[in-house]
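Undergrad: After the sequence you'll find the predicted model.
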Protein chains: 2
Amino acid sequence: MEKLLNNAFKGDPRSIGRLISLVEADTPSAKEIMKQIYPRTGKAKVIGITGSPGAGKSTFVDRLIEQFKTDNMKVGVIAIDPSSPFTGGAILGDRLRMQSHALDEGVFIRSMGSRGHLGGVSRATHEAALILDACGFDVVLIETVGVGQSEVDIIKIADTVVLVLVPGMGDDVQIMKAGIMEIADTFVVNKADKEGADKVAADVQVMLKMLKEKEWVPPVTLVSSQNNTGIEEVKNNLNEHWNFLHTSTEGKKRRFIQLEMEVEAILRGEISILTEKIWKKRKDTGILEDLASRKADPYTLAAELISQIVK
Amino acid sequence: MEKLLNNAFKGDPRSIGRLISLVEADTPSAKEIMKQIYPRTGKAKVIGITGSPGAGKSTFVDRLIEQFKTDNMKVGVIAIDPSSPFTGGAILGDRLRMQSHALDEGVFIRSMGSRGHLGGVSRATHEAALILDACGFDVVLIETVGVGQSEVDIIKIADTVVLVLVPGMGDDVQIMKAGIMEIADTFVVNKADKEGADKVAADVQVMLKMLKEKEWVPPVTLVSSQNNTGIEEVKNNLNEHWNFLHTSTEGKKRRFIQLEMEVEAILRGEISILTEKIWKKRKDTGILEDLASRKADPYTLAAELISQIVK
């Protein structure tokens, strides 16, 4: 374990991949790994990239990698795959996207399933980001599936959330759904070469004015991933937001909220393990029959189970 | 409280609405209410109606209400509204839909927010269904938002899941997303008067053949809510599925799995309350600063907090 960690800290991609796998599989060593990882974290810019499927997130991420590399930054990428709630695994597996960088020096790309009944950004994703951070990546890009919960969840773990929009997809659907607007720190209007891109950017500006004013005003950048324009501006915005987070009261507040959520998520996970254990035992005592026949009720049962483990 | 419950059990709509509100707001009395409610439940057919926005779920539900009413059944309806994760409340509020029945004798309609960071079908929705069940409704229809997690979550609380499809929306998108296909107990191809309805029905049949064979083979019914055709057939299918659930091994298994999930959800809720309490105290001791500076790590902290409450 010590050797694996040391090799990972030196930047060995295989060791880093192995650490992520151990944590993702929630092996017994996972917690010990994370305790060793944690003190070395907090240096990487963790950037969440969200936006509807078809918004061109992958190509944009590709360009962003290039852009950060021109500054000699090491870039880690976590691509979240949608996973079926029934099979548990990632449907798409390790995608062939972003392949132009897959073997580059200083770039690490990893696909992860969205996993779990939450359907969102899992603990494992967060922990993978922490591992990349600890292993010396300057930037960690997390590309979400772009549907459902993962879009909103990303704010729990990313320093900066980028919302990628495109013309021609109906901005009402793209922007207004599920409070995405409120969590974006910077907007990218992708495929700026296409008709309607200016209109989307203008609409975003209007909607931003409708939101409660904050210290940080999210910039809106027109980008063409294809023609590679606007990317440097996005990078500058991301760097500026990072500075904002580390110099402003609002930024500190946000980082503290994230830390709270992190502790709470770990707490919930730990306690679920405990309750699962007692529930598993109790389940085989005919209690399900009693619940089905309404001789027992789950509220009284839950109280009873909790009293068994809680002081 | 006793009086409120008794009036609700007698079918007084205002009292029923009040009970649901008390439970939805998670007031201190909520748990006591549910303990009183639970022994009276298990009689209503709880039917989840899911399908993409635009599939005509609301009109279909309207027709289904009529259909059940011809059998002198009391029908309760819970319409789940999408809610912003930030405002917490339902965006649309009490919708004006299904208004043709809103004031009918024997029909109770309630809008609820999808609420909570899970973005799915909340505990409150489940508890509202239990309340309607206990208050003498023979059928409880739960109409989901039709996007994201709520579609899949509905299987946790519904006896029967109806998937409403329509021609012209791209059946790949409609059917294949997020394992919806696997959770449907009966398929409705709505707007059967439109071109392509037969094709959608045939496609569903093909896909059903690709799934693992089960004892219950989900029927596929062509429905026109507008012309009011096919609705009786759907009702018959629903009744048949209810019988299946209560006479087959597979049905029993499913009901037991739901009971397990119910207990686990209540357990999780109770535990969050506990962890929140201890975490709240600890939070103000400068620990967030220590986490931010990486002097502390959340894994060690979680273990410490848990040791405080667990035997």
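TA: Cool, the structure landed.
Undergrad: what about the longest helix in chain A?
TA: Longest helix in chain A by number of residues (criterion: DSSP state H): helix A:249-282.
Undergrad: for that helix, packing partners?
TA: Helices and strands touching helix A:249-282, by 3 or more Cβ pairs under 8 Å, 6 or more residues apart in numbering or on different chains; DSSP states H and E, are helix A:123-134, helix A:231-247, helix A:298-309, helix B:249-282, helix B:288-292, helix B:298-309. No exception for glycine: its C-beta is placed from N, CA and C like everyone else's.
Undergrad: which of those is buried the deepest?
TA: Each of the helices and strands packed on helix A:249-282 was scored by mean neighbour count; the highest is helix A:123-134, a mean of 25, by mean count of other Cβ atoms under 10 Å in any protein chain shown.
Undergrad: low-scoring stretches of chain A, by residue?
TA: Applying pLDDT under 70 to chain A flags residues A:82-104, A:114-121, A:146-151, A:170-179.
Undergrad: now with 80?
TA: A:52-54, A:81-105, A:113-122, A:145-153, A:168-182, A:210-213, A:272 (pLDDT under 80).
Undergrad: Tell me where the stretch 1-150 of chain A has helices.
TA: A:2-9, A:13-24, A:30-37, A:57-69, A:123-134, A:149-153 (DSSP state H, counting those that start in this stretch).
Undergrad: and the residue of the stretch 151-300 of chain A found nearest chain B, how far is that from A:D290?
TA: Here the stretch 151-300 of chain A gets closest to chain B at one residue, A:D297, 3.8 Å apart by Cβ to the nearest Cβ. Distance, A:D297 to A:D290, by Cβ to Cβ, to the nearest Å: 9 Å.
Undergrad: Likewise for A:A296?
TA: Taking Cβ to Cβ, one finds A:A296 at 4 Å from A:D290.
Undergrad: for A:G56, same thing?
TA: If you measure A:G56 against A:D290 using Cβ to Cβ, the figure is 55 Å.
Undergrad: go on, A:D26?
TA: 32 Å.
Undergrad: With A:E32 instead?
TA: Distance from A:E32 to A:D290, by Cβ to Cβ: 41 Å.
Undergrad: Next: A:K69.
TA: In terms of Cβ to Cβ, A:K69 sits 62 Å off from A:D290.
Undergrad: would you turn the helices of the stretch 1-150 of chain A into JSON lines with distance to A:E143?
TA: Listed next are these as JSON lines, based on distance: least, Cβ to Cβ, whole Å:
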{"stretch": "helix A:2-9", "distance to A:E143": "22"}
{"stretch": "helix A:13-24", "distance to A:E143": "16"}
{"stretch": "helix A:30-37", "distance to A:E143": "22"}
{"stretch": "helix A:57-69", "distance to A:E143": "5"}
{"stretch": "helix A:123-134", "distance to A:E143": "11"}
{"stretch": "helix A:149-153", "distance to A:E143": "10"}
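Undergrad: so can I have a markdown table of those showing distance to chain B?
TA: Listed next are those as a markdown table, based on distance: least, Cβ to the nearest Cβ, whole Å:
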| stretch | distance to chain B |
| --- | --- |
| helix A:2-9 | 14 |
| helix A:13-24 | 11 |
| helix A:30-37 | 5 |
| helix A:57-69 | 18 |
| helix A:123-134 | 10 |
| helix A:149-153 | 5 |
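Undergrad: separation between the residue nearest to the residue of the stretch 151-300 of chain A closest to chain B when sequence neighbours are not counted and B:D133?
TA: Closest residue in space to A:D297, ignoring its immediate chain neighbours: B:Y38 at 3.8 Å, by Cβ to Cβ, 6 or more residues apart in numbering or on different chains. Applying Cβ to Cβ, the value for B:Y38 to B:D133 is 10 Å.
Undergrad: Kindly report the same for A:T41.
TA: Taking Cβ to Cβ, one finds A:T41 at 49 Å from B:D133.
Undergrad: and what of A:G230?
TA: For A:G230 relative to B:D133 (Cβ to Cβ), the value is 56 Å.
Undergrad: A:K280 now?
TA: Taken as Cβ to Cβ, the span from A:K280 to B:D133 is 28 Å.
Undergrad: A:I37 too?
TA: As judged by Cβ to Cβ, A:I37 and B:D133 stand 48 Å apart.
Undergrad: need the contact list for A:N190.
TA: A:51, A:55-56, A:60, A:164-166, A:223-225 (Cβ atoms under 8 Å, 6 or more residues apart in numbering or on different chains).
Undergrad: Over to A:L211?
TA: A:181-182.
Undergrad: Could you do A:T160 as well?
TA: Counting by Cβ under 8 Å, 6+ apart, A:T160 makes contact with A:45-48, A:185-186, A:238, A:241-242, A:245.
Undergrad: and stretch A:184-203, which residues are buried?
TA: By 16 or more other Cβ atoms under 10 Å in any protein chain shown, the buried positions in stretch A:184-203 come out as A:184-192, A:196-197, A:200-201, A:203.
Undergrad: Setting aside sequence neighbours, what's the nearest residue to A:D159?
TA: A:V46 (4.8 Å).
Undergrad: hmm, the strand or helix carrying A:A202 in reach of chain B?
TA: For A:A202, the host element (DSSP states H and E) is helix A:197-210. No: Helix A:197-210 does not reach chain B (Cβ under 8 Å from any Cβ of the partner chain); its nearest approach is 13.4 Å.
Undergrad: heading toward the C-terminus, what's the first helix or strand past that helix?
TA: strand A:220-222.
Undergrad: Need the residues that contact that following strand.
TA: A:186-189, A:192, A:197-198, A:201, A:204-205, A:208, A:229-230, A:233-234, A:237.
Undergrad: what's the most distant pair in these?
TA: A:L208 and A:T229 (22.3 Å; Cβ to Cβ).
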